[in-house]
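Asker: Output the structure for:
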Amino acid sequence: MTEQEARAARRAIEQLEKIGRLVTRSLLVLGFGALIFTCVNVTTFAIQHHVPGWVAWMLDPLASLALLTVLYVDGVLAEQGDYRASGWPFVLRWFAGLSTWIMNCWQSLYPDGVFRIIPGQADAGGLLLHSVAPFLLIILAEASAGYRTYLAAKAAAHRGTIRAWEDARAADRATRERHAREERERAEAAEREQALEAARAARQQDEREAEREAREHSARLAREVQQAEIEKARELARIEQENEERAARREAERLRVEAEIEAAERDRAAEREALRIKAEAEARVVEEAERTKREAAAERRERAQRSRAKHRRNSTGGASKSGLAAPSISDDPGSKSGGRVPREIRAAQREKAEREAAAALLDGRTPDPVALAQRYGLGETWGGDRVRAARRRLEEEAGFEEAVIFSVLEVECGAVEVTEELQAQGARS
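Answerer: Prediction:
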């Protein structure tokens, strides 16, 4: 078996594969052409036999596709070896082919529409025309099965040739590799023998060198022992002196550390005492400031109460003399306008109501949330929120208490002036 024969076998396999692909493509092209050619006649046949047109066109594609499928599968299986279609594949192939042929040729076989075992008025030309495509497809499929079987057998024979050549080449390569391995092993054995001889010579030389070095080493050890004894004596003396010096340094360091610790303890005690004195002084200053603030707040509240009491007496006396009532504390803008209260007016109402509640709290009275809310035309919840807000602002907001006292004084002074003006007008009249 030569390499030229293997190359020829590979070229033959490529040609056989091309022929197989040509047969398959021809079968598929012929099958789809026959499907298209016979579709019109089969569809007409189905419509004439009372099948709706939107379903009738499906009959020929179904039968033709079944025929193409079985023909193609039989051909491919025939390529793989000893396969011959029989049984149901045989029935399916011939049923699909004959049914397609009969439906396609029905008009040519029975132009008068009367069925007979032997057609009496058959159209020979139409029968031939409509039989060409189906029979070409069936016969080509049968022939392609034989072609594929032959092509598969020839390709298998050529592949056997290629395998035989590859096996021979592999055996030749294995023989060459075995010879090369044997030569390499002999060369390695010779090298190992030479290495062993060199190692024995080197070992003998090393032994002689070791004996000489041992003698020299013994002499050197003797000299070194003598020198070591001298050095040991010197080292012991030096170590003893260093130990004495080290003990003296440790004692001096211990005394210095103890002195530093005592000094640090004295400094920390002095610092703690200074911090304590400073803290007591700051606590006294804070306590004094709180006491002063409480006394000033109590004094302001007392002055405010005296001023309110004085202006209330003056206002009550003037009003009783004139017979007029004091103006109301607040108006209801929402009730006047009858619509939605603007944001600015609602904010002003909240501020005014909170100051009224704060004035009542500073006067020692409990504000009535219901009455406060009714004056502004709002609910009890709104009045309660304003009373709580007034308490919180008196406790947290700086300057709010003075602003409330000042606004109360302004209102009372204004009421006294109005009363005095009314009394003067009554006297003139």
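Asker: in the stretch 1-150 of the chain, what spans have low per-residue confidence?
Answerer: Applying pLDDT under 70 to the stretch 1-150 of the chain flags residues 1, 75, 78-86, 112-118, 120-122.
Asker: quick one: the one helix or strand Glu354 maps to to chain centroid distance?
Answerer: Secondary structure from DSSP states H and E places Glu354 in helix 343-362. On the basis of CA atoms, centre = their mean, to the nearest Å, helix 343-362 sits 55 Å off its chain's mean C-alpha point.
Asker: Show me which positions of that helix end up buried.
Answerer: Residues of helix 343-362 classed as buried by neighbour count (16 or more other CB atoms under 10 Å): 349-350, 352-362. From N, CA and C alone the C-beta is placed, and that goes for glycine too.
Asker: just curious, which of those is nearest to His179?
Answerer: Checking the buried residues of helix 343-362 against His179 with CB to CB, the nearest one is Arg350 at 114.0 Å.
Asker: ok, now how distant is the spatially closest residue to the closest one that is not a sequence neighbour from Glu356?
Answerer: Excluding its sequence neighbours, the residue lying closest to Arg350 (CB to CB, 6 or more residues apart in numbering) is Arg386, at 6.4 Å. Between Arg386 and Glu356 the computed distance is 8 Å (CB to CB, to the nearest Å).
Asker: got it, and Ile139?
Answerer: With CB to CB as the criterion, Ile139 and Glu356 are 117 Å apart.
Asker: Could you pull out the strands in the stretch 101-250 of the chain for me?
Answerer: Taking DSSP state E, counting those that start in this stretch as the criterion, the stretch 101-250 of the chain contains no strands.
Asker: where do the helices sit along it?
Answerer: Applying DSSP state H, counting those that start in this stretch to the stretch 101-250 of the chain gives helices spanning 124-322.
Asker: What is the helix or strand in which Gly97 is found packed up against?
Answerer: Here Gly97, judged by DSSP H and E, is contained in helix 88-109. Helix 88-109 is packed against helix 3-48, helix 59-79, helix 124-322, with contacts defined by 3 or more CB pairs under 8 Å, 6 or more residues apart in numbering; DSSP states H and E.
Asker: Show me what that helix is in contact with.
Answerer: Residues from elsewhere that reach helix 88-109, judged by CB atoms under 8 Å, 6 or more residues apart in numbering: 34, 38, 41-42, 44-46, 59-60, 63-64, 66-67, 70-71, 73-74, 85, 119, 122-127, 129-131, 133-135, 137-138, 141.
Asker: Count residues in the vicinity of Leu409, would you?
Answerer: 14 (other CB atoms under 10 Å).
Asker: same question, Glu273
Answerer: Neighbour count of Glu273, defined by other CB under 10 Å: 10.
Asker: can you check the one 5 residues further on too?
Answerer: By other CB under 10 Å, 10 other residues sit near Lys278.
Asker: and it, what does it touch?
Answerer: Lys278 neighbours (CB under 8 Å, 6+ apart): none.
Asker: Quick check, pLDDT for it.
Answerer: For Lys278, the model assigns a pLDDT of 83.
Asker: how close does it sit to Arg375?
Answerer: 55 Å.
Asker: Ok, Val387 next?
Answerer: 13 Å.
Asker: With neighbour numbers in mind, choose between those two.
Answerer: Val387 (22 against 18).
Asker: what comes up buried for the helix or strand where that one lies?
Answerer: According to DSSP H and E, Val387 maps onto helix 380-396. By neighbour count with 16+ other CB under 10 Å, helix 380-396 contains the buried residues Trp382, Gly383, Gly384, Asp385, Arg386, Val387, Ala389, Ala390, Arg393, Leu394.
Asker: for stretch 221-233, same thing?
Answerer: Quick answer for stretch 221-233: no buried residues (16+ other CB under 10 Å).
Asker: Pull that stretch out as PDB, backbone CA atoms only.
Answerer: Output of stretch 221-233 as PDB, limited to C-alpha atoms (Å, rounded to 0.1, in the frame of the first residue of the first chain):
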ATOM      1  CA  LEU A 221      41.900  22.000  66.100                       C
ATOM      2  CA  ALA A 222      44.800  21.600  68.500                       C
ATOM      3  CA  ARG A 223      45.900  25.100  67.800                       C
ATOM      4  CA  GLU A 224      42.400  26.400  68.000                       C
ATOM      5  CA  VAL A 225      41.800  24.600  71.400                       C
ATOM      6  CA  GLN A 226      44.800  26.300  72.900                       C
ATOM      7  CA  GLN A 227      43.800  29.700  71.500                       C
ATOM      8  CA  ALA A 228      40.200  29.100  72.600                       C
ATOM      9  CA  GLU A 229      41.300  28.500  76.200                       C
ATOM     10  CA  ILE A 230      43.200  31.800  76.200                       C
ATOM     11  CA  GLU A 231      40.300  33.700  74.600                       C
ATOM     12  CA  LYS A 232      37.900  32.100  77.100                       C
ATOM     13  CA  ALA A 233      39.800  33.400  80.000                       C
END
